[in-house]
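Trainee: have a look at this fold, sequence not included:
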């Protein structure tokens, strides 16, 4: 079964602290994985995708096939990073995205 | 800039009413989707469409139907609204060349 697991509902950190948002997946084959972010009162938007291997707003995510993980990391959190983060996986048919339940990141000063 | 526009930000409907949620995209995308977003449950796929007049059930299609008469427009229909359909509804589109989806601003539906 294809599934995305985000084990943390809420992650609270102080400004300047490192952040790691966890994402594990189950999938047969080579997955296409994404992180989406939703800031308060804004629409859900793509943050990054694993195939582009880029850093967006200081965030990176590495696909670890052995651990079936795609954790999102940032070395120094900023208050403006506070948002809801969703990990997503393209389904086996290649037709839609399967989302995790989301993690709320709260960064305080 | 890809634009996915949902016709309403907020809707309040009565139990038993027929409800239409409308979504329009301006990027000539092949695929369109309706998701439901609930706290603690994440986004769950209701229906999607990969072409005009084509539709596929997602994970939670019960109580919903969809219509895609034109490529740019995808409608979600609640045949007889119930209180457990109170939720945030998100429309999205993708090109079909890539799985990346672009989302609308959401419609918060309250059924009383």
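Mentor: Sure, I can see it. What you see is a predicted model; the values in this text were computed from it and never measured.

Trainee: bridged to residue B:21, which residues?
Mentor: Beta bridges link residue B:21 to residue B:76 when assigned by DSSP bridges.

Trainee: might you report the residue contacts of the closest residue to residue B:65 other than its chain neighbours?
Mentor: Distances taken as CB to CB, 6 or more residues apart in numbering or on different chains put residue B:77 closest to residue B:65, at 4.6 Å, once the chain neighbours are dropped. No exception for glycine: its C-beta is placed from N, CA and C like everyone else's. Going by CB atoms under 8 Å, 6 or more residues apart in numbering or on different chains, residue B:77 touches B:18-21, B:64-67.

Trainee: burial measure for residue 75, as a count.
Mentor: Defaulting to chain A. 11 (other CB atoms under 10 Å in any protein chain shown).

Trainee: could you do chain B instead?
Mentor: Using other CB under 10 Å, residue B:75 has 19 neighbouring residues.

Trainee: wait, it touches residue B:66, no?
Mentor: Yes - using CB atoms under 8 Å, residue B:75 is in contact with residue B:66, at 6.3 Å.

Trainee: re earlier: what subset of the contacts of residue B:77 is buried?
Mentor: Neighbour counting by 16 or more other CB atoms under 10 Å in any protein chain shown classes B:19, B:21, B:64, B:66-67 among those as buried.

Trainee: now the lengthiest strand in chain A: how far from the chain's centre is it?
Mentor: What stands out as the longest strand in chain A, according to DSSP state E, is strand A:83-90. Remark: strand A:83-90 is offset 5 Å from the chain centroid, using CA atoms, centre = their mean, to the nearest Å.

Trainee: what strands flank that strand, and is each parallel or antiparallel?
Mentor: Using DSSP bridges, strand A:83-90 pairs in its sheet with strand A:33-38 (antiparallel), strand A:97-99 (antiparallel), strand A:103-108 (antiparallel).

Trainee: shouldn't residue B:28 be within a helix?
Mentor: No - counting by DSSP: H, G, I helix; E, B strand; the rest coil, residue B:28 is not part of a helix but coil.

Trainee: what's the neighbour count on the closest residue to it other than its chain neighbours?
Mentor: Spatial nearest neighbour of residue B:28, chain neighbours left out: residue B:71 (6.9 Å); criterion: CB to CB, 6+ apart. Neighbour count for residue B:71, taken as other CB under 10 Å: 15.

Trainee: got the contact list for residue B:71?
Mentor: With contact taken as CB under 8 Å, 6+ apart, residue B:71 is in contact with B:28-30, B:51-52.

Trainee: perfect, that will be all.
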